[in-house]
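Fold the stuff below for me.
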Amino acid sequence: MANSPARRRPLVGLTPLIDVVFILLLFFMLASSFLDLHSIALDAPSRGGGQPTMEGALLVEVRTDGIRLGGQYVTPQGLARRVSARLEDNPDRRVLVRPAEGVSLQDAVAVLDRLTAAGARNLSMLGGDGPR
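Predicted coordinates for the structure are as follows:
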């Protein structure tokens, strides 16, 4: 064995491996969808235009101590039930959401999700300068 020629290790080419990785990357890039299917349609307040009409609109206030609908505190489940009942006669009724100062964005989005699930299609956000 001492006189036997040294065995050469077979060379592993990286080109086929790189080709496979590139094809997989290309496949997953083309097969992936980057659309956000859980988006909420929301009317942003405009600075130049007049105030949105408040007549017949439902006002939902998201406060640090709870949720108010028309001045009365409601639970998140109660909010969905009441809004759904009020939207039965007029599904395009405007629903205005006013988060109070200090309310987290997650709480406001959770209320918007509940309103969307309750059937609200015409959602608008009010800023701090909205009608009180």
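
Flag every buried residue along the helix or strand of the chain with the lowest mean pLDDT.
Least confident helix or strand of the chain, by mean pLDDT, DSSP states H and E, is strand 122-125 with a mean of 85. Residues N122, L123, S124 are the ones in strand 122-125 that count as buried (16 or more other C-beta atoms under 10 Å). Every C-beta, even on glycine, is put in place using the N, C-alpha and C of the backbone.

quick one: the strands in the protein?
Applying DSSP state E to the chain gives strands spanning 58-63, 66-69, 72-74, 94-99, 122-125.

Now distance to I18 too, for the ones you listed, in TSV please.
Output for these, formatted as TSV (distance: least, C-beta to C-beta, whole Å):
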stretch	distance to I18
strand 58-63	52
strand 66-69	55
strand 72-74	59
strand 94-99	51
strand 122-125	49
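
Let me see the contact set for the nearest residue to A117 once chain neighbours are set aside.
Leaving aside its chain neighbours, A117 sits nearest to A80 (6.4 Å; criterion: C-beta to C-beta, 6 or more residues apart in numbering). Applying C-beta atoms under 8 Å, 6 or more residues apart in numbering to A80 gives the contacts R114, L115, A117, A118.
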